[in-house]
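Engineer: Turn this into a model:
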Amino acid sequence: MSFDLVFHGGLREQGEPCRLVVRKEKSLSEILQFSTAGLDIGQQVVILAGPTCLKDIAHGLGQTGLKTDALLHSGRLVFLTAPNCLAELLRPSEPLQRSPLHRHATVMRWVTDWSWAYGNGCDAATIRDYQRRLHEFIRPFNAISMCSVLCEKVQRGDLLAMLVDHRRVLKTVEASRRAMAAHA
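Structural biologist: Residues are numbered from 1 along each chain as shown. Next up is the predicted model:
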């Protein structure tokens, strides 16, 4: 197998809604499987990644028989180009005024590939802040999400920090669930 999976509990009650995929090779097979599964059942799939990665994903989805251009045009598939989109998504005002993201959708799949950040020389603290804020941003969407990173671009300490961030999100979500259950 070409990747290691680290699962953590997630934002929804059922299934495995979020996971961290550390890719040892440049293969995007896990991202393509995750995205295709959502598109096949009518979910909106949002992918935030660097431009080269988005191009490779579009090509890979096309090879599975999906019409990427039609999916992008209909809004069922949304590509967000990092890092340019982060300022828009994470600004304090309402980022969804004219956004392609569908709040009314029952379930959304969200993929974030962080390889662009580690490849651009961003410092680890900035990347962790982006990750934390992005997790907070997608939480209200009740999204099934996947974070991905190419192993060769990440130092071991930074990789462990990503894992800690994912576990922190799990604890926050579990605390929210307990509070909602107590009020029900």
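Engineer: Low-confidence regions, this protein specifically.
Structural biologist: 1-17, 92-100, 102-106, 169-177, 180-181, 184 (pLDDT under 70).
Engineer: Could I get the full set of helices for it?
Structural biologist: For the chain, applying DSSP state H gives helices covering 29-40, 51-63, 68-74, 84-89, 115-119, 124-138, 156-183.
Engineer: Would you mind putting these into a markdown table with mean neighbour count alongside?
Structural biologist: Every residue, glycine included, has its C-beta placed from N, CA and C. Output for the helices of the chain, formatted as a markdown table (neighbours: other Cβ atoms under 10 Å):
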| stretch | mean neighbour count |
| --- | --- |
| helix 29-40 | 18 |
| helix 51-63 | 16 |
| helix 68-74 | 13 |
| helix 84-89 | 13 |
| helix 115-119 | 21 |
| helix 124-138 | 16 |
| helix 156-183 | 14 |
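Engineer: how about a markdown table for the ones you listed, with distance to residue 108 added?
Structural biologist: Converted to a markdown table, those look like this (distance: least, Cβ to Cβ, whole Å):
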| stretch | distance to residue 108 |
| --- | --- |
| helix 29-40 | 8 |
| helix 51-63 | 16 |
| helix 68-74 | 14 |
| helix 84-89 | 14 |
| helix 115-119 | 21 |
| helix 124-138 | 8 |
| helix 156-183 | 16 |
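Engineer: and of the ones you listed, who's closest to residue 20?
Structural biologist: With Cβ to Cβ as the criterion, residue 20 lies closest to helix 156-183 of the helices of the chain, at 5.2 Å.
Engineer: picking that back up, nearest to residue 145, out of the helices of the chain?
Structural biologist: Comparing these by Cβ to Cβ, helix 124-138 comes nearest, at 6.0 Å.
Engineer: thinking again about what came up before, show me the one of the helices of the chain that comes nearest residue 149.
Structural biologist: Among these, if distance is taken as Cβ to Cβ, the winner is helix 115-119, at 5.4 Å.
Engineer: same for that closest one, what does it pack against?
Structural biologist: With contacts taken as 3 or more Cβ pairs under 8 Å, 6 or more residues apart in numbering; DSSP states H and E, helix 115-119 sits against helix 124-138, strand 144-150.
Engineer: what separates stretch 32-48 from the chain centre, distance-wise?
Structural biologist: Here stretch 32-48 is found 11 Å from its chain centre; the criterion is Cα atoms, centre = their mean, to the nearest Å.
Engineer: what do you get for stretch 116-135?
Structural biologist: 13 Å.
Engineer: What of stretch 61-76?
Structural biologist: On Cα atoms, centre = their mean, the centre of stretch 61-76 falls 18 Å from that of its chain.
Engineer: okay, how far is it across that stretch, tip to tip?
Structural biologist: In stretch 61-76, first residue to last residue: 13 Å (Cα to Cα, to the nearest Å).
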